[in-house]
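Peer 1: next one to model:
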Amino acid sequence: MSNRNTVVVTGASAGVGRAVAIAFAQKGWNVALIARGKEGLEGARQDVEAAGGHALVLPLDVADPDAVFAAADQVMAEWGRIDVWVNDAMVTIFAPVKEIKPDEFRRVTEVTYLGQVYGTMAALKHMRPRNRGTIVQVGSALSYRAIPLQSAYCGAKFAIRGFTDALRSELDHERSRIRLTMVQLPAVNTPQFDWARSRMPRKLQPVPPIYQPEAIAKEILRAALEAPRELWIGRSALKAIFGGMLLPLLGDRILASEGYSGQMTAELASPDRRDNLFEPVPSDPGVHGRFDRSANPDVRGFDPVRLKAGIACALIAGVAGLVAIASSRRV
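Peer 2: Prediction:
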């Protein structure tokens, strides 16, 4: 068994997953890298080793449960432990529902939702004997507030939250020491906006404000170590989630008006662009997308349990103050 802690990261070849792998490597961890693209995985391996970690490259499709379970077995054979499993792999399609084909909808669901289910099951298989470990589900503000043109992705993210909440209760029932946390991301500067399948006329963009993957990775690392129930990353995610809860009809109207244009730049999309929905795009895209000039290098994560407790305390204190004032006036 390795003396180093071990993390498995899915979607590790680019973007947030790759930034997370590097963040753990900087802490001296063993890092198992799961993704489809071999060029991106090789680049991620080099990044991990340059950062001081030990890398294990596992090229596979997370929509294949047998491959995911075999990868977990290989990690155990190599290092003898899995301390953290980060489920980050995703694919998406940008298009109105009427323009999405059934096999495209199924593919987004199989990777973005079921890929996390299979990863969680594989992690639990090896964490249960030790009765310890942490599983991190990478979600999104879109787990709470769906937006137009991303119905398949939003549906998958909602499903992940439902699955995770159900599993959390089961682990509590078992009095398990395995920890389960979900991070809800804001818009991030990743390569996905250049290789996601799209039927939109213009190039894609994340809805601002945009954050750099390294800032997000820092908060995911924090979630892995501290394991809050959830971590909402960025004020924009917090606003989207609370706004969806408090004013859903207003959110519907705003997104109907601005949700299309807000996800596209002024540049025309290339008609022959390749996408990674069914097959990886042969390349090593790295961590960043093309929005470095507008991406924020820092972000703060909010624990919603503490946040709601703080709001409740403030409301109680405010009501108590009003009652005290009213009482004093009666006297």
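Peer 1: got a list of contacts for the helix or strand in which Val20 is found?
Peer 2: Assigned by DSSP states H and E, Val20 falls within helix 15-25. Helix 15-25 has contacts (C-beta atoms under 8 Å, 6 or more residues apart in numbering) with 7, 9-12, 31, 33, 35, 40, 43-44, 47-49, 51-53, 55, 84, 86, 88-89, 138, 185, 188, 190-192, 213-214, 216-218, 220-221, 224, 285-287, 289. For glycine as for every other residue, the C-beta is placed from the backbone atoms N, C-alpha and C.
Peer 1: repeat that with 7 Å
Peer 2: Helix 15-25 has contacts (C-beta atoms under 7 Å, 6 or more residues apart in numbering) with 7, 9-12, 31, 33, 44, 47-48, 51-53, 86, 88-89, 138, 188, 190-192, 213-214, 216-218, 220-221, 287.
Peer 1: packing partners of whichever helix or strand comes after it?
Peer 2: Scanning forward in sequence from helix 15-25 by DSSP H and E, the next helix or strand is strand 30-35. The contact analysis (3 or more C-beta pairs under 7 Å, 6 or more residues apart in numbering; DSSP states H and E) places strand 30-35 against strand 6-10, helix 15-25, helix 38-50, strand 54-59, helix 65-79.
Peer 1: where in the stretch 201-331 of the chain is pLDDT low?
Peer 2: Regions of the stretch 201-331 of the chain meeting the criterion pLDDT under 70 cover residues 306-331.
Peer 1: centroid-nearest residue for this protein?
Peer 2: For the chain, Val138 is the residue whose C-alpha lies nearest the centre (C-alpha atoms, centre = their mean; 2.5 Å).
Peer 1: what angle do whichever strand or helix holds that residue and helix 15-25 make?
Peer 2: Assigned by DSSP H and E, Val138 belongs to strand 134-140. On the basis of axes from the mean of the first three to the mean of the last three C-alpha atoms, to 10 degrees, strand 134-140 is oriented at 150 degrees to helix 15-25.
Peer 1: packing partners of strand 134-140?
Peer 2: Where contact means 3+ C-beta pairs under 7 Å, 6+ apart, strand 134-140 is packed against strand 84-87, helix 115-127, helix 151-173, strand 179-185, helix 213-226.
Peer 1: now stretch 164-181: buried residues?
Peer 2: 164, 167-168, 171, 176, 178-181 (16 or more other C-beta atoms under 10 Å).
Peer 1: neighbours of Ala237, how many?
Peer 2: Counted with other C-beta atoms under 10 Å, residues neighbouring Ala237 total 27.
Peer 1: contacting residues for it?
Peer 2: Ala237 neighbours (C-beta under 7 Å, 6+ apart): 141, 184-186.
Peer 1: swap in Trp29?
Peer 2: Trp29 touches 4-7, 53, counting by C-beta under 7 Å, 6+ apart.
Peer 1: same list (these) but as TSV, adding neighbour count, distance to Met264 and pLDDT.
Peer 2: Formatted as TSV, the contacts of Trp29 follow (neighbours: other C-beta atoms under 10 Å; distance: C-beta to C-beta, whole Å; pLDDT from 0 to 100):
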residue	neighbour count	distance to Met264	pLDDT
Arg4	16	44	92
Asn5	17	42	98
Thr6	25	41	98
Val7	28	35	98
Gly53	23	37	98
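Peer 1: still on that earlier bit, need the helices and strands packed on strand 30-35 in a markdown table (columns: distance to Tyr260).
Peer 2: Output for the helices and strands packed on strand 30-35, formatted as a markdown table (distance: least, C-beta to C-beta, whole Å):
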| stretch | distance to Tyr260 |
| --- | --- |
| strand 6-10 | 30 |
| helix 15-25 | 24 |
| helix 38-50 | 30 |
| strand 54-59 | 36 |
| helix 65-79 | 35 |
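Peer 1: looking at the ones you listed, spot the one closest to Gly262.
Peer 2: helix 15-25 (20.1 Å; C-beta to C-beta).
Peer 1: report the rounded mean pLDDT for the closest one.
Peer 2: In this model, helix 15-25 has an average pLDDT of 98.
Peer 1: equivalent analysis for stretch 69-76, please.
Peer 2: For stretch 69-76, mean pLDDT rounds to 98.
Peer 1: now do stretch 170-183: distance to the chain's middle.
Peer 2: 19 Å (C-alpha atoms, centre = their mean, to the nearest Å).
Peer 1: just to check, Leu204 is in contact with Ala196?
Peer 2: Yes - proximity of Leu204 to Ala196 meets the contact threshold set by C-beta atoms under 7 Å, at 6.5 Å.
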